[in-house]
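1. can't give you the sequence, but here's the structure:
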Ligand SMILES: [Zn+2]
């Protein structure tokens, strides 16, 4: 888009205050952007503008930054994973589900498109997309208009189950190397996109599925290229116990010994650290190591809470100095609801209302995520930052009465009040409709793919069970 756009007289703007290193409220203020960049945030802009948009009745917030999500398959688990868990895996359903329920490859682009729509409609403008590469991914990133950090996964091993309780692996070390090379080539390819919206993250899948060599080489390459690096670590008790058994150390301490922790490292999800109450481990070092090394945590409370698991706790991590970012991981792909869940579970877990404030979780969903992605030009409304702007509709009944717009948004309205979304100064959502993608059509394909996925489960599950035996419907079907 050419020219200058002024959003005039917004009732509220959540603006970045560099001196505080945090967001503040402005009232009755203007926001001006030219092309991809914010030119002005403050009271009454007196320069020229080519387009003036009426900001009355709105609150402008920075586009949200989602640092951990799997859009290419998780949406196909809607109706499946909410109540699926294996008690013998300390409640996690991750391994059983991943082995038995495989989203059809030919539907991944559509499943992703549906997820991207849900994300942008809830105000996410920057997304870390952690996926196994699939046909059509680059094309989707091109057309979606969102700021995407593509994280093509690679690993030396895949999970295998032969019974109900023991996690085993199929190992193919040369394949892991090949996937690593392909992932880097893919990152190079998408980063060359002329828009500058697309970038990459180096993503060895899990701490237990990659050889030490592969992990070490991947972090070295990420540092050399100035790219963020992420992996799943301390995400389950099963993983914690395996790493202890293999190395004598907790996953975090082993990662530290390998040199994997640091300012470019994003730990998904760092829940089962040594002091977690489910582990009764003897050391109390993990949190300090995460903080000292400047590593970030990708906190995704929803999927874990459905297993009965919680990070202990958000406030303690922050107080230790850990940079916290938020992710949606599975579904709903709704980072505003994730903020609500993060705040509430922090307080429940800490037995303390001060464990996480609205400002804390909003910081994590914006500037915290940006820092994790090594960026200081997103997750904030400030001069020189990218024009990634969410227009929140204050007239939405779930926002009203509006005394404090962020509290109304986080605890009541969520995506219902997200009216318009600009990314790089381009409108991607207008009046709660996505302009760049087809939500309905992609959801139709996702449902058809879900039916095919379920039909294939008996052939992939270790016990040959049907999908409905593993995950019955929430109610019996009457006749
Ligand atoms: Zn994940």
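-> Structure's in. What do you need? Being a predicted model, the structure only gives us computed values, none of them experimental. Residues are numbered from 1 along each chain as shown.

2. do a quick rundown of the strands in the stretch 51-200 of the chain.
-> In the stretch 51-200 of the chain, the strands defined using DSSP state E, counting those that start in this stretch lie at 51-54, 58-62, 64-69, 124-131, 147-154, 157-161, 167-171, 198-200.

3. what's the angle from the fifth one to strand 64-69?
-> For the pair strand 147-154 and strand 64-69, the angle between their directions (axes from the mean of the first three to the mean of the last three C-alpha atoms, to 10 degrees) equals 10 degrees.

4. direction included, what does strand 147-154 pair against?
-> strand 124-131 (parallel), strand 198-200 (parallel), strand 203-204 (parallel) (DSSP bridges).

5. kindly compare burial across those and name the winner.
-> strand 203-204 (a mean of 30; mean count of other C-beta atoms under 10 Å). (Glycine included, C-beta is placed from N, CA and C.)

6. what is the mean pLDDT for that one?
-> For strand 203-204, mean pLDDT rounds to 98.

7. show the subsequent helix or strand relative to that strand.
-> helix 212-225 (DSSP states H and E).

8. mind naming the longest helix for this protein?
-> In the chain, taking DSSP state H as the definition, the longest helix is helix 439-460.

9. list the buried residues in it.
-> For helix 439-460, the neighbour count (16 or more other C-beta atoms under 10 Å) marks 439, 442-443, 445-446, 449-450, 453-454, 457 as buried.

10. ditto for stretch 177-185
-> By 16+ other C-beta under 10 Å, the buried positions in stretch 177-185 come out as 177, 179-180, 183-184.

11. now do stretch 413-421
-> Quick answer for stretch 413-421 (16+ other C-beta under 10 Å): 413-421.

12. endpoint to endpoint, that stretch covers what distance?
-> 16 Å (C-alpha to C-alpha, to the nearest Å).

13. will you turn the strands paired with strand 147-154 into CSV that also has distance to residue 138?
-> Below are the strands paired with strand 147-154 laid out as CSV (distance: least, C-beta to C-beta, whole Å):
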stretch, distance to residue 138
strand 124-131, 11
strand 198-200, 9
strand 203-204, 16
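
14. chain center to stretch 345-360: distance?
-> 20 Å (C-alpha atoms, centre = their mean, to the nearest Å).

15. same check, this time on stretch 166-173
-> Relative to the chain's own centre, stretch 166-173 is displaced by 27 Å; criterion: C-alpha atoms, centre = their mean.

16. what is the mean pLDDT for stretch 269-284?
-> 97.

17. for it, which outside residues touch it?
-> 68, 90, 232-237, 239-240, 250-253, 285-287, 290, 297-300, 304, 309-312, 317, 329 (C-beta atoms under 8 Å, 6 or more residues apart in numbering).

18. which parts of that stretch are buried?
-> 269-276, 279, 281.

19. tell me how this structure divides into domains.
-> The record assigns the chain these domain ranges, following automatic domain parsing: 4-62+383-434, 64-372.

20. give me the neighbour count for residue 135.
-> 10 (other C-beta atoms under 10 Å).

21. per-residue confidence for it?
-> With respect to pLDDT, residue 135 scores 95.

22. and the gap between the residue lying closest to it once chain neighbours are set aside and residue 41?
-> Among residues not flanking residue 135 along the chain, residue 109 sits closest, at 6.8 Å (C-beta to C-beta, 6 or more residues apart in numbering). According to C-beta to C-beta, to the nearest Å, residue 109 and residue 41 sit 37 Å apart.

23. likewise residue 217?
-> When residue 217 is compared with residue 41 (using C-beta to C-beta), they lie 43 Å apart.

24. so between those two, which is more surrounded?
-> Set residue 217 next to residue 41 and count neighbours by other C-beta under 10 Å: residue 41 wins out with 24 against 16.

25. which stretches of the stretch 1-150 of the chain form helices?
-> For the stretch 1-150 of the chain, applying DSSP state H, counting those that start in this stretch gives helices covering 94-100, 108-121, 137-144.

26. re the thing from before, can you put the buried residues of helix 439-460 in JSON lines and add distance to residue 10?
-> Below are the buried residues of helix 439-460 laid out as JSON lines (distance: C-beta to C-beta, whole Å):
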{"residue": "439", "distance to residue 10": "27"}
{"residue": "442", "distance to residue 10": "32"}
{"residue": "443", "distance to residue 10": "33"}
{"residue": "445", "distance to residue 10": "38"}
{"residue": "446", "distance to residue 10": "36"}
{"residue": "449", "distance to residue 10": "41"}
{"residue": "450", "distance to residue 10": "41"}
{"residue": "453", "distance to residue 10": "44"}
{"residue": "454", "distance to residue 10": "47"}
{"residue": "457", "distance to residue 10": "50"}
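
27. as JSON lines, these with pLDDT and distance to residue 8 would be great.
-> Shown next, in JSON lines, are the buried residues of helix 439-460 (pLDDT from 0 to 100; distance: C-beta to C-beta, whole Å):
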{"residue": "439", "pLDDT": "98", "distance to residue 8": "30"}
{"residue": "442", "pLDDT": "98", "distance to residue 8": "35"}
{"residue": "443", "pLDDT": "98", "distance to residue 8": "36"}
{"residue": "445", "pLDDT": "98", "distance to residue 8": "41"}
{"residue": "446", "pLDDT": "97", "distance to residue 8": "40"}
{"residue": "449", "pLDDT": "97", "distance to residue 8": "45"}
{"residue": "450", "pLDDT": "97", "distance to residue 8": "45"}
{"residue": "453", "pLDDT": "98", "distance to residue 8": "49"}
{"residue": "454", "pLDDT": "97", "distance to residue 8": "52"}
{"residue": "457", "pLDDT": "97", "distance to residue 8": "55"}
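
28. and residue 254, its phi and psi?
-> Main-chain dihedrals, residue 254, degrees, to the nearest 10: phi -70, psi -40.

29. per-residue pLDDT, it?
-> In this model, residue 254 is scored at 98, pLDDT.

30. residue 2 too?
-> Value listed for residue 2 in the pLDDT field: 61.

31. quick one: mean pLDDT for stretch 124-131?
-> Mean per-residue pLDDT for stretch 124-131: 98.

32. go on, stretch 397-408?
-> 98.

33. likewise for stretch 349-361?
-> 98.

34. what do you get for stretch 298-317?
-> In this model, stretch 298-317 has a mean pLDDT of 98.

35. picking up where we left off before, and the buried residues of stretch 269-284, which is closest to residue 64?
-> Proximity of the buried residues of stretch 269-284 to residue 64 (C-beta to C-beta) peaks at residue 269, which lies at 18.2 Å.
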